[in-house]
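with the sequence up front, the predicted model follows.
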Amino acid sequence: MFETDKNDNPTDGSLNVIQANLRPCIQCGTCTASCPNAEQMDLTPRKMWRLVILGRLTDIMASKTFILCSDCYTCTLRCPRGLPLTESMEALKGIAFARQETQFRNSRLFYEKFMQTVRRYGRVREMEFMTRYFTAMKNPLTPFRFAPLGIKLLGKRKVTIGFGKSSATPLDALFDKVAAMEQAQAGTTGKEKTP
Amino acid sequence: MKYLYYPGCSLTATAREYDLSTRAVMAAAGVSLTEIDDWTCCGASAAAPLSHLLSLSLSARNLALAEQAGSGSQILVPCSACYLNLKKANDALQNDAERRATINEALKAVDLSANGNVRVRHLLDVLSMDLGKKRLSPFITRSFKGLTVAPYYGCQCLRPYVEFDDPERPVSMEPLVEITGAEILSWEMGTRCCGASLVSTQPETGLERVCTILKAAKGADLIVTVCPMCQINLDGWQSKVSQMTGEDLSITVLYLPQFLGLAMGIDDKSLGLDLNLAILDGFKEKIIQ
Ligand code: SF4
Ligand code: SF4
């Protein structure tokens, strides 16, 4: 009933869930008018939701709109149909990361390195996280963007101390369990979806 | 009054002054805080896009620890992002049997279980609703008459869960500022997003958000915040944004408990004022003793 791109093959079915949630959208544009980042987006939130409803994954992944969502929840609060818009933007980020879309590499690395730190220590040591992020980005120039703030924070001794506990609490067991549960889940839904 | 306390990662590092001042003000007001032992990261905004279940489970681990202190306990959370994550997990545990089962299945890996029988409260909620003008006024020893404060609420303590204030036209900070004798700047930017992690991942967009807020705060002597992300975006990047626009946008930015603590006569060291990134000299001379 909805047209879909030939190339679109959302194997994990995640777009279907967002699509189903967004169907009641009446294209009123309240979300766009509410969004603090709309001006920097190549597609307005309203147009993004239109593409989601149409299942146009390739076009969606070519846009930077969802990566520019800063989770402010204003659109979610105001949408006259009460749709879960911020969570849908979040889910689109998840699809882009899972597909390893190259244009979102930096954002993906930022999120992944953050979670690796959490996994290893239970808490985030901000400086270590930033180091991992910059190493992963392999762009020697990027840290200079942060240098002025980094130096300020170092001066305040805010980046190395204050961890609070003598030993960390690794969360490998929890991370592994969640991954196993999700794999099992993907296995079953995958089977159901195979025509 | 007693609360469990979840500081969250930022408050052990870049936002240590928020932790110090929260503890100092609460202690001075006779409120007891018990830090949740062995708490871990809530997942921030990074976990959810990678895995929704991981995000819920990371927060639920902390709720499970809190529940061990007894059902009906209240957790005080100063960071708005942690607050929202813990609240989402608590909401799922309370109201969604299927999710509750899934989360608890995951928590088995760390020998914990959670039912959602605690309450998650933002620091601003506790300061404005439980303490409020009436209970805090007796502790105010200094007058900040002549100061104008721009109250900055940000997003996630107000939205999407509407708990203690209007999510678009909040006022909960006003009585807390007024008991110090200071005036409130009337502005539209108190609930406008600070750019959150976009300042790091998409700086062109993120810094625009910071710029808009700092420009609107002109006319105030200081901005008061209730979230470490808002604070570091507004204080840590203001020199960069001033450079970008060629306009001096520097302004003092304090955490709400730092501001209240000053008015309560608490010494600046206990409030972590030496750790702030943006306290202008003029402000220092006038206010910090
Ligand atoms: S505010 Fe809601 S109904 Fe209106 S266009 Fe946006 S998503 Fe659709
Ligand atoms: S939640 Fe995201 S999409 Fe919605 S208004 Fe805020 S920044 Fe825009």
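Okay, I see it. Residues are numbered from 1 along each chain as shown, chains lettered A, B, ... in the order given. Ligands and ions are numbered 1, 2, ... in the order given.

what's the closest non-adjacent residue to whatever residue of the stretch 151-289 of chain B ends up closest to ligand 2?
As assessed by Cβ to the nearest ligand atom, ligand 2 sits closest to B:Cys193 within the stretch 151-289 of chain B, at 6.2 Å. To be clear about C-beta, it is placed using only N, CA and C from the backbone, and glycine gets the same treatment. In this structure, B:Cys193 finds its nearest non-sequential neighbour in A:Cys72, 3.7 Å apart by Cβ to Cβ, 6 or more residues apart in numbering or on different chains.

what sits against that neighbour?
By Cβ atoms under 8 Å, 6 or more residues apart in numbering or on different chains, A:Cys72 lies in contact with A:35-36, A:86, B:155, B:159, B:193, B:196.

so where do the helices sit in chain A?
Remark: helices assigned in chain A by DSSP state H are A:14-22, A:30-34, A:45-54, A:57-62, A:74-78, A:85-98, A:105-121, A:126-137, A:143-155, A:172-193.

please enumerate residues in contact with the first one?
Going back to what we said before, that points to helix A:14-22. A:2, A:8, A:10, A:49, A:52-53, A:55, A:57, A:60, A:83-84, A:88, A:91-92, A:94-95, A:98.

swap in 7 Å and give it another go.
A:49, A:52-53, A:55, A:57, A:83-84, A:88, A:91-92, A:94-95 (Cβ atoms under 7 Å, 6 or more residues apart in numbering or on different chains).

now render the residues you listed as CSV, adding distance to ligand 2, neighbour count and pLDDT.
Below are those laid out as CSV (distance: Cβ to the nearest ligand atom, whole Å; neighbours: other Cβ atoms under 10 Å in any protein chain shown; pLDDT from 0 to 100):
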residue, distance to ligand 2, neighbour count, pLDDT
A:Trp49, 10, 28, 98
A:Val52, 13, 24, 97
A:Ile53, 16, 17, 97
A:Gly55, 20, 18, 96
A:Leu57, 19, 23, 96
A:Leu83, 11, 19, 98
A:Pro84, 10, 15, 97
A:Ser88, 9, 23, 97
A:Ala91, 12, 21, 95
A:Leu92, 10, 24, 96
A:Gly94, 15, 20, 94
A:Ile95, 16, 19, 95
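
get me the contact residues on the stretch 101-250 of chain B for chain A.
B:105-106, B:109-110, B:155-156, B:159-160, B:167, B:192-193, B:195-196, B:198, B:200-205, B:208-209, B:236-237, B:239-240 (Cβ under 7 Å from any Cβ of the partner chain).

follow-up on the earlier one: of the contacts of A:Cys72 - the most surrounded one?
Tallying neighbours with other Cβ atoms under 10 Å in any protein chain shown puts B:Cys155 at the head of these, with 27 neighbours.

mind listing what that residue touches?
Contacts of B:Cys155 by Cβ under 7 Å, 6+ apart are A:72-73, B:191, B:193.

ok, 6 Å please
A:72-73, B:193 (Cβ atoms under 6 Å, 6 or more residues apart in numbering or on different chains).

find the residue closest to it in space, skipping its chain neighbours.
A:Cys72 (4.3 Å).

A:Ser70: neighbouring residues, count only.
A:Ser70 has 25 nearby residues by other Cβ under 10 Å.

just to check, it is in contact with B:Ala196?
Yes: using Cβ atoms under 6 Å, A:Ser70 is in contact with B:Ala196, at 4.3 Å.
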